[in-house]
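Undergrad: Here is a sequence together with a model predicted from it:
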Amino acid sequence: MRLPLILALALVPLAATSLLVGVADLSGQDGLILTVSRLPRTLAVMLTGAALAVAGVVMQQLVRNRFVEPGTTGTGEAAALGLLAVTLLAPGAALWVKMLAAGGGGLAGTAAFLWMIRRLPPQEVLMVPLAGLVWSGVLGAMVLHIGWQTDLLQLVGIWLMTGEFSGVIAGRYELLWIAGGAAALALFAADRFAILGLGEGVARGLGLNPAAVMRLGLVVVALVTALVMATVGMVPFVGLVVPNIVSRLMGDNLRASLPVTALGGAALLLACDILGRLVIFPYEIPVGSILGVIGAGLFLWLLWRSPSHG
């Protein structure tokens with residue numbers, strides 16, 4: 001399987017296309033648009049896709065279920081709740097303070113979800129994603145209610161419902177490099193996450209500290225989700241679809257498949273972002289809307305198609 005090479009080669013023309021697609025001419029003084037807007041946007045899309053795909057793998061290993069991602073377990077809504085709290089209590093707070101609040105909220109929301117699913121029957125596989133959707137709905141309703149009461153619904157809509165990169169310029173996306181760093185940290189701990197996915201009993205028998213790996217996974221998922229949400233809003237399906245496709249093609253060796261998952265997430269999100277800019281050019285559709293359609297189709301395909309790896 002030459003999937004890593006295929007994805008790496010696909011990223012090159014996709015990135016070049018992303019740099020060239022737009023209304024403004026790149027010649028003359030408009031050449032600044034390349035360095036101020038289009039290059040930062042392309043990098044932001046790739047970082048977001050890669051980080052969300054890796055966070056999806058980590059989340060699936062933590063709960064030992066293939067049908068979850070940070071967007072369906074309450075992580076995003078809890079991060080939005082943290083952002084909303086700091087916006088109300090300290091509206092003039094620095095960006096890093098808001099990042100800490102969002103990360104803390106996402107961490108608490110994910111930890112609460114993991115605590116809840118421990119009480120579910122392990123043989124009921126579909127109960128975990130259903131519980132995640134219910135938990136996400138409860139937290140989302142709280143965020144919407146508080147936003148409505150405080151006249152911040154527009155801000156809440158940006159965090160939870162858009163997922164678009166049109167506002168990304170130089171100086172307003174750099175925090176996504178931290179999300180990329182968190183994903184890289186998960187790459188170094190890939191073997192530990194793979195062992196944890198076998199169950200806590202097996203992990204202890206192999207000399208692993210499940211609690212420490214669980215805490216590391218929680219930090220990675222919460223940090224990636226919080227940074228992506230605060231920068232571009234929620235982006236659905238990347239952490240759900242890409243890990244499952246890569247797993248079906250390459251198996252469950254995370255040491256080998258996790259970098260491919262990151263490449264796949266970057267390629268998928270970049271392709272959807274380009275499509276969103278071209279469908280009604282010179283206007284654009286948010287990438288979250290494009291992924292909502294394409295991701296749903298891919299997920300249904302995953303449900304019906306059997307794994308192809310040996």
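TA: Noted; the coordinates are in hand. In this text, all values refer to a predicted model and were calculated from it rather than measured experimentally. Numbering: from 1, shown residues only.
Undergrad: ok, residue 103 - contacts?
TA: Residue 103 makes contact with 79, 82, 222-223, 226-227 under the criterion CB atoms under 8 Å, 6 or more residues apart in numbering. The way it works is simple: take the backbone N, C-alpha and C, and place the C-beta from them, glycine included.
Undergrad: Which of those fall within helices?
TA: When the contacts of residue 103 are checked against helices (DSSP state H), the matches are 79, 82, 222-223, 226-227.
Undergrad: In JSON lines: the residues you listed, plus neighbour count.
TA: Shown next, in JSON lines, are those (neighbours: other CB atoms under 10 Å):
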{"residue": "79", "neighbour count": "36"}
{"residue": "82", "neighbour count": "26"}
{"residue": "222", "neighbour count": "27"}
{"residue": "223", "neighbour count": "24"}
{"residue": "226", "neighbour count": "32"}
{"residue": "227", "neighbour count": "27"}
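Undergrad: And the strands in this protein?
TA: Taking DSSP state E to define them, one finds no strands in the chain.
Undergrad: quick one: least confident helix or strand in it?
TA: Scoring the helices and strands of the chain by mean pLDDT, DSSP states H and E places helix 32-33 at the bottom, with a mean of 76.
Undergrad: distance between it and the chain's centre?
TA: Remark: helix 32-33 is offset 28 Å from the chain centroid, using CA atoms, centre = their mean, to the nearest Å.
Undergrad: which helices and strands does it pack with?
TA: Packed against helix 32-33 by the contact rule (3 or more CB pairs under 8 Å, 6 or more residues apart in numbering; DSSP states H and E) you find no helix or strand.
Undergrad: And the closest residue to residue 173 other than its chain neighbours, how far from residue 196?
TA: Closest residue to residue 173 apart from its sequence neighbours, by CB to CB, 6 or more residues apart in numbering: residue 44 at 4.1 Å. Using CB to CB, to the nearest Å, residue 44 is found at 30 Å from residue 196.
Undergrad: go on, residue 65?
TA: 13 Å.
Undergrad: One more: residue 151?
TA: Taking CB to CB as the measure, residue 151 falls 43 Å from residue 196.
Undergrad: between those two, which one's more packed in?
TA: Using other CB atoms under 10 Å, the more surrounded residue of residue 151 and residue 196 is residue 196, with 25 against 8.
Undergrad: Do you know the pLDDT at that one?
TA: Among the per-residue scores, residue 196 shows a pLDDT of 83.
Undergrad: Quick one: residues contacting it.
TA: 61-62, 203, 208, 210, 213-214, 217.
Undergrad: Could you work out the most separated pair of those residues?
TA: Spatial extent of the contacts of residue 196 (CB to CB) is set by the pair 62 and 208 at 13.6 Å.
Undergrad: if you count what's nearby, which of those two comes out ahead?
TA: residue 62 (24 against 17).
Undergrad: can you pull the contacts of that one?
TA: Contacts of residue 62 by CB under 8 Å, 6+ apart are 114, 193, 196, 214, 217-218, 221.
Undergrad: what's the answer for residue 227, then?
TA: 51, 99, 102-103, 175-176, 178-179, 182.
Undergrad: quick one: contacts for residue 70?
TA: 52, 55-56, 59, 76, 106, 110, 221, 224-225, 239.
Undergrad: Apply 6 Å and report the result again.
TA: 55, 59, 221, 225, 239 (CB atoms under 6 Å, 6 or more residues apart in numbering).
Undergrad: which among those gets closest to residue 92?
TA: residue 225 (24.3 Å).
Undergrad: Verify the stated contact: that closest one with residue 77.
TA: No - if you go by CB atoms under 6 Å, residue 225 and residue 77 don't touch, sitting 9.8 Å apart.
Undergrad: Those two - which one has more neighbours?
TA: The neighbour comparison of residue 225 against residue 77 (other CB under 10 Å) goes to residue 225, with 36 against 27.
Undergrad: returning to that earlier point: could you dump the contacts of residue 62 into JSON lines with distance to residue 300 added?
TA: Below are the contacts of residue 62 laid out as JSON lines (distance: CB to CB, whole Å):
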{"residue": "114", "distance to residue 300": "27"}
{"residue": "193", "distance to residue 300": "27"}
{"residue": "196", "distance to residue 300": "29"}
{"residue": "214", "distance to residue 300": "31"}
{"residue": "217", "distance to residue 300": "28"}
{"residue": "218", "distance to residue 300": "30"}
{"residue": "221", "distance to residue 300": "25"}
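Undergrad: how about those, which pair is most distant?
TA: 114 and 193 (14.1 Å).
Undergrad: So if I had to pick from the two, which one is more boxed in?
TA: The residue with more neighbours, out of residue 114 and residue 193, is residue 193; 23 against 16, by other CB under 10 Å.
Undergrad: Show me the shaky parts of this protein.
TA: Scanning the chain for pLDDT under 70 picks out 1, 23-31, 122-124, 162, 305-310.
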